[in-house]
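**Q** Here is my input, please return the structure:
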Amino acid sequence: MININNGRRNKGKRRSNLFLVNDEWLSVGVIAEITNQPREKVRQAIVIGVISAEDFIKRYKTEKI
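**A** Residues are numbered from 1 along each chain as shown. Reported below is the predicted structural model:
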């Protein structure tokens, strides 16, 4: 049986482009929307490992959402 998984291979195994926040897996784009920050800033901070996704959201979340 072939599992297509949203068109992304190994999504369930590696989750390399998703970040765990409060038991939910979020993408860079979603975190950028939540925090009202540019995707590039989110990507650099989280992917390079300066900060965890949860800390990033806590620090940059604005009242707008």
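**Q** just so I have it, where are all the helices in the chain?
**A** Under the criterion DSSP state H, the chain contains helices at 11-14, 28-35, 39-47, 53-60.
**Q** Turn those into TSV, columns for mean pLDDT and mean neighbour count.
**A** In this view, the C-beta of every residue, glycine as well, is placed from N, C-alpha and C. Converted to TSV, the helices of the chain look like this (pLDDT from 0 to 100; neighbours: other C-beta atoms under 10 Å):
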stretch	mean pLDDT	mean neighbour count
helix 11-14	52	11
helix 28-35	94	18
helix 39-47	92	16
helix 53-60	93	17
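**Q** which one of those helices lies closest to Val21?
**A** Nearest of the helices of the chain to Val21, taken as C-beta to C-beta: helix 53-60 at 4.9 Å.
**Q** Now do the closest one against helix 28-35, angle only.
**A** Relative orientation of helix 53-60 and helix 28-35, computed by axes from the mean of the first three to the mean of the last three C-alpha atoms, to 10 degrees: 30 degrees.
**Q** Now do the end-to-end distance for stretch 38-56.
**A** Taking C-alpha to C-alpha, to the nearest Å as the measure, stretch 38-56 stretches 12 Å from start to finish.
**Q** what's next to that stretch, contact-wise?
**A** Under the contact criterion C-beta atoms under 8 Å, 6 or more residues apart in numbering, stretch 38-56 has outside partners 19-22, 26, 28-29, 31-32, 35, 59.
**Q** 7 Å instead, please
**A** 19-22, 26, 28-29, 31-32, 35 (C-beta atoms under 7 Å, 6 or more residues apart in numbering).
**Q** hang on, Trp25 packs against Ile31?
**A** No. Using C-beta atoms under 7 Å, Trp25 is not in contact with Ile31; the gap is 10.9 Å.
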